[in-house]
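>>> Model the structure of this input:
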Amino acid sequence: LQLSDSQKTFIEDIRSAIRGAEFQHIRVVGEPGVGKTRLVLEAMSADDLSFPAIYVPVAEDFQKSNLFNDILRPDRRYFAQLVIDDCAEKDRASIWHAIKGKPNIKLITIDHGPESSSDSSMKVFECPILPDEQIGKIIAGYIGDRNDVSNWAKWCSGSPRVAHAVGDNLKRNPDDILKSPATVPLWDRFVLGHKIRETK
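Sure thing, here's the model as predicted:
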């Protein structure tokens with residue numbers, strides 16, 4: 001994990017918002033591949049936040065789950081930090097409507113934006129891009145500290161996900177760095193997102 005000062009500040013701001021009483025819904029927005037999920041999970045790794053944390057990778061699946069139905073039962077009092085990833089606007093609105101007002105539940109949603117939602121109980125954080133210095137360190141972790149690392153870092157436009165793909169492919173496929181890793185259609189995910197790719 002490579003962190004600049006802006007990423008460190010972002011993590012601490014997320015932690016402060018979760019610990020505080022002012023906001024029940026923390027919304028994290030940012031471009032695909034900028035590191036939203038990784039930074040949120042890093043924020044949640046603090047000792048006082050990790051135990052009650054529940055990570056859900058897909059919002060749509062969460063709404064169909066027994067856990068969601070159980071949380072909504074009036075005879076249950078859960079204390080939890082719900083981290084809902086890949087949370088499209090429709091899913092976010094539905095989940096927030098169901099959770100809002102439950103004092104022991106904090107909702108942290110992650111999506112690509114834009115930052116259009118507003119609510120007095122919601123705080124929106126825009127995930128910062130990773131500077132070229134840290135991007136270069138990611139790439140160098142795959143190929144060593146070569147002279148061309150800084151050039152490849154600029155090509156990644158602040159995206160750790162792209163930096164890992166570029167570094168891995170410079171190591172494995174130096175003649176075709178745009179080749180996707182065998183197990184993950186990474187470029188489709190980065191450019192199109194989950195839902196658009198899956199409907200094709």
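
>>> okay, CA-based contacts and neighbour counts for the rest of this
Noted.

>>> name the helices or strands packed onto the helix ranked longest in the chain?
Of all the elements of type helix in the chain, the one with the most residues (DSSP state H) is helix 5-19. Secondary structure elements in contact with helix 5-19, counted by 3 or more C-alpha pairs under 8 Å, 6 or more residues apart in numbering; DSSP states H and E, are strand 25-29, helix 36-43.

>>> What's the separation between Met44 and Tyr55?
Counting by C-alpha to C-alpha, to the nearest Å, the gap from Met44 to Tyr55 is 10 Å.

>>> Show me which of these two is the more surrounded one.
In this comparison of Met44 against Tyr55, neighbours counted by other C-alpha atoms under 10 Å, the higher total goes to Met44 at 23 against 14.

>>> any idea how far Arg38 is from that one?
Between Met44 and Arg38 the computed distance is 10 Å (C-alpha to C-alpha).

>>> and if you look at Arg92?
When C-alpha to C-alpha is applied, the distance between Arg92 and Arg38 equals 20 Å.

>>> Please say which of those two ends up with more neighbours.
Counted by other C-alpha under 10 Å, Arg92 and Arg38 do not tie: Arg92 has more neighbours, with 23 against 13.

>>> Confirm the more buried one sits in a helix?
Yes. Assessed by DSSP: H, G, I helix; E, B strand; the rest coil, Arg92 belongs to a helix.

>>> Show the contacting residues for it.
Under the criterion of C-alpha atoms under 8 Å, 6 or more residues apart in numbering, the contact list for Arg92 reads Ala59, Thr109.

>>> cool, Pro160 as well?
Gly33, Val34, Gly35, Leu130, Ile135, Ile138.

>>> Mind checking which of those land in helices?
Going by DSSP H, the helices hold Ile135, Ile138 from the contacts of Pro160.

>>> Neighbour count added to the contacts of Pro160, as JSON lines?
Formatted as JSON lines, these follow (neighbours: other C-alpha atoms under 10 Å):
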{"residue": "Gly33", "neighbour count": "22"}
{"residue": "Val34", "neighbour count": "23"}
{"residue": "Gly35", "neighbour count": "19"}
{"residue": "Leu130", "neighbour count": "22"}
{"residue": "Ile135", "neighbour count": "30"}
{"residue": "Ile138", "neighbour count": "25"}
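
>>> Can you tell me which of the contacts of Pro160 lies closest to Gly167?
Using C-alpha to C-alpha, Ile138 is the member of those that sits closest to Gly167, with 7.2 Å.

>>> Before I go, just wanted to say thanks for your time.
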